[in-house]
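Enquirer: Attaching a predicted model along with its sequence, questions to come.
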Amino acid sequence: MDTIERIEKTLDTLRPYIASHRGQVEVVDFDEVDGVLLVRLGGTCQGCTASSVTLKQGIETRLREAVPEVKHVEAV
């Protein structure tokens, strides 16, 4: 399983929670050299003041644990 597949599989564990708040998360790009994952937050997550907390404490934390190649997650 390649890195993007492992990232998607990990995000699939988070998507039900995000969807319960009528939001969504989509992988845009992953820089394997720098370990930077770009994601797009949609639905009610877009523009929500709590989205930065969801991004850092939820998505980034879980991904860094499950996919060590991910060092940093940024929203675009």
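Expert: All right, it came through fine.
Enquirer: from here on, contacts and neighbour counts on C-alpha atoms
Expert: Will do.
Enquirer: buried residues in whichever helix in the chain runs longest?
Expert: If each helix of the chain is counted by residues according to DSSP state H, the longest one is helix 3-20. Of all the residues in helix 3-20, those buried under the rule 16 or more other Cα atoms under 10 Å are 7, 10-11, 14-15, 18.
Enquirer: Show me what it packs onto, helices and strands only.
Expert: Based on contacts counted as 3 or more Cα pairs under 8 Å, 6 or more residues apart in numbering; DSSP states H and E, the elements that helix 3-20 packs against are strand 23-31, helix 61-66.
Enquirer: Turn these into a markdown table, columns for distance to L38, mean neighbour count and mean pLDDT.
Expert: Supplementary listing: these in a markdown table, determined by distance: least, Cα to Cα, whole Å; neighbours: other Cα atoms under 10 Å; pLDDT from 0 to 100:
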| stretch | distance to L38 | mean neighbour count | mean pLDDT |
| --- | --- | --- | --- |
| strand 23-31 | 5 | 16 | 95 |
| helix 61-66 | 12 | 17 | 96 |
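Enquirer: any idea which residue sits dead centre in the protein?
Expert: Of all residues in the chain, the one closest to the mean position by Cα atoms, centre = their mean is I59, 4.5 Å from it.
Enquirer: roughly how far apart are that residue and F30?
Expert: 14 Å (Cα to Cα, to the nearest Å).
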